[in-house]
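S.K.: Build me a structure from this.
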Amino acid sequence: MRKISFVLLLALIALSSLSIAFADEVDLSNSATSACVMDKDSGRVLYAKNEDDKLPMASTTKIITAIVAIENANLDNVITITKDCVGIEGSSVYLKEGERWTIRDLLYGLMLRSGNDCAVALAKAISGNIEQFVSLMNSFVKDLGCTNTNLTNPHGLHNDNHYTTAYDLAKICCYALQNNIFSQIVSSKKFSTKINGVTKVFVNKNKLLHSWENCDGIKTGYTKKAGRCFVGSASENDRQFVCVVLNDGPMFEDCRKLISSCLAKYKYTFVIPTNKLFVDYADSKRKVYKVSKGFYLPICFDDRIQVETDFDNRLVRVFVNDELFHTISISLINQ
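M.R.: Down below sits the predicted model:
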């Protein structure tokens, strides 16, 4: 098998000409029991602390509830609130029996005000009952490869068998943020709607949305067993990073610090530009291959990036610090 490898030394690539300064030292201290910062587009983990520990997740559960609902329902469908969706323990938007809500309005109540009653109403509307909806949620996370997550309800009230990890939750959020409807909801500071002629206004509980212009999501959570939990996202110069902190008293402060530190440390770099050509001279024949879609990564000052071209299998493999990170197909454009 013929393979050609080359190493991208950051000092030699276009970073220097762009005058990008990499931060050698950033403050990553935090109070979280578990934490993870991940690049939304590539999925690269930029910071991790006990990221595979299984922990209760409180209302960050509703991130999964929301994206599963969005992918399995018509958001303009109107449902009538039934008695078993009223008076749910914990945070609530105070649904009333007989009210008529759209799926979309329930999603805003779920994500901005953390309505446990909204979670139950969505579960029943989409799957008929909570048990079937939870089964749908668990299938969803397993399909994403999040094998250290298990869910027993759609709202996050404590159950010993209801847990996730900071890594899994970050991965789930990176997936969810690719959905424009989800992103629009979680980035909303305020939402108003009319229910049975009465105006309801939801103000987002995510304090970072109101205090940090870079912030664009996502969800708070709290129970006595889980402690304070938060998933935040922030964007800068086309980069969007997701931060999960579980059981963290100063959750907003730590989330902002971690994302800001990673934004300072990592810069997006095209490892393989779009339409890059690869030339194979094997057998005295010049064959030219092309990558149809470029690949870029957040990279810090001491990263070692290696690109390996496998012409026999028409693949390009990207290694980060000697570990395989990404594989891209290449197509032959001449004989």
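
S.K.: now the end-to-end length of stretch 49-56.
M.R.: For stretch 49-56, the first and last residues are 16 Å from each other (CA to CA, to the nearest Å).

S.K.: before we move on, what about stretch 153-170?
M.R.: Counting by CA to CA, the length from the leading to the trailing residue of stretch 153-170 is 19 Å.

S.K.: cool, and stretch 293-301?
M.R.: End-to-end distance (CA to CA), stretch 293-301: 25 Å.

S.K.: For that stretch, buried residues please.
M.R.: The neighbour-count check on stretch 293-301 (16 or more other CB atoms under 10 Å) flags 295-300 as buried. C-beta here means a position set from N, CA and C on the backbone, and glycine is covered the same way.

S.K.: just stretch 194-201 next, same as before
M.R.: By neighbour count on 16+ other CB under 10 Å, the buried set for stretch 194-201 is 195, 200.

S.K.: mean confidence score for it?
M.R.: The predicted model assigns stretch 194-201 a mean pLDDT of 94.

S.K.: How far off centre is it?
M.R.: Distance, stretch centre to chain centre, for stretch 194-201: 31 Å (CA atoms, centre = their mean, to the nearest Å).

S.K.: now do stretch 94-107
M.R.: Computed by CA atoms, centre = their mean, the separation of stretch 94-107 from the middle of its chain amounts to 27 Å.

S.K.: Give me the mean pLDDT for stretch 41-60.
M.R.: Model confidence over stretch 41-60 averages 97 on the pLDDT scale.

S.K.: Could you check how far that stretch is from the centre of its chain?
M.R.: Taking CA atoms, centre = their mean, one finds stretch 41-60 lying 10 Å from the centre of the chain it belongs to.

S.K.: try stretch 108-127
M.R.: 20 Å.

S.K.: can you give me the strands for the stretch 101-250 of the chain?
M.R.: Shown for the stretch 101-250 of the chain, the strands assigned by DSSP state E, counting those that start in this stretch span residues 190-195, 198-203, 215-223, 227-236, 239-246.

S.K.: Hmm, Val244 and Val231 touching each other?
M.R.: Yes - Val231 sits in contact with Val244 when judged by CB atoms under 8 Å, with a separation of 5.1 Å.

S.K.: Quick check: neighbours shared by these two?
M.R.: Common contact partners of Val231 and Val244 (CB atoms under 8 Å, 6 or more residues apart in numbering): 60, 169-170, 173.

S.K.: I'd like to know how far the residue sitting furthest away from the middle of the chain sits from Tyr175.
M.R.: The outermost residue of the chain, judged against the average C-alpha position, is Ser284 (47.2 Å), by CA atoms, centre = their mean. Counting by CB to CB, to the nearest Å, the gap from Ser284 to Tyr175 is 46 Å.

S.K.: Which one of Val231 and Val244 is surrounded by more residues?
M.R.: In this comparison of Val231 against Val244, neighbours counted by other CB atoms under 10 Å, the higher total goes to Val244 at 33 against 28.

S.K.: That one and Met57, how far apart?
M.R.: 9 Å.

S.K.: where do the helices sit along the chain?
M.R.: 61-72, 103-112, 116-127, 130-143, 166-176, 180-186, 207-211, 251-265 (DSSP state H).

S.K.: Between these, which one is closest to Gly217.
M.R.: Judged by CB to CB, the one of the helices of the chain that comes nearest to Gly217 is helix 180-186, at 3.7 Å.

S.K.: got the buried residues for that closest one?
M.R.: The neighbour-count criterion (16+ other CB under 10 Å) identifies 182-183, 185-186 as the buried residues of helix 180-186.

S.K.: Can I get it in CSV? Just the C-alpha atoms.
M.R.: Backbone C-alpha positions of helix 180-186 (Å, rounded to 0.1, in the frame of the first residue of the first chain) are rendered in CSV as follows:
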residue,chain,number,x,y,z
ASN,A,180,-30.7,26.0,12.9
ILE,A,181,-34.0,25.8,14.9
PHE,A,182,-32.2,24.5,18.0
SER,A,183,-29.6,27.2,17.7
GLN,A,184,-32.2,29.9,17.3
ILE,A,185,-34.1,28.8,20.4
VAL,A,186,-31.1,28.4,22.7
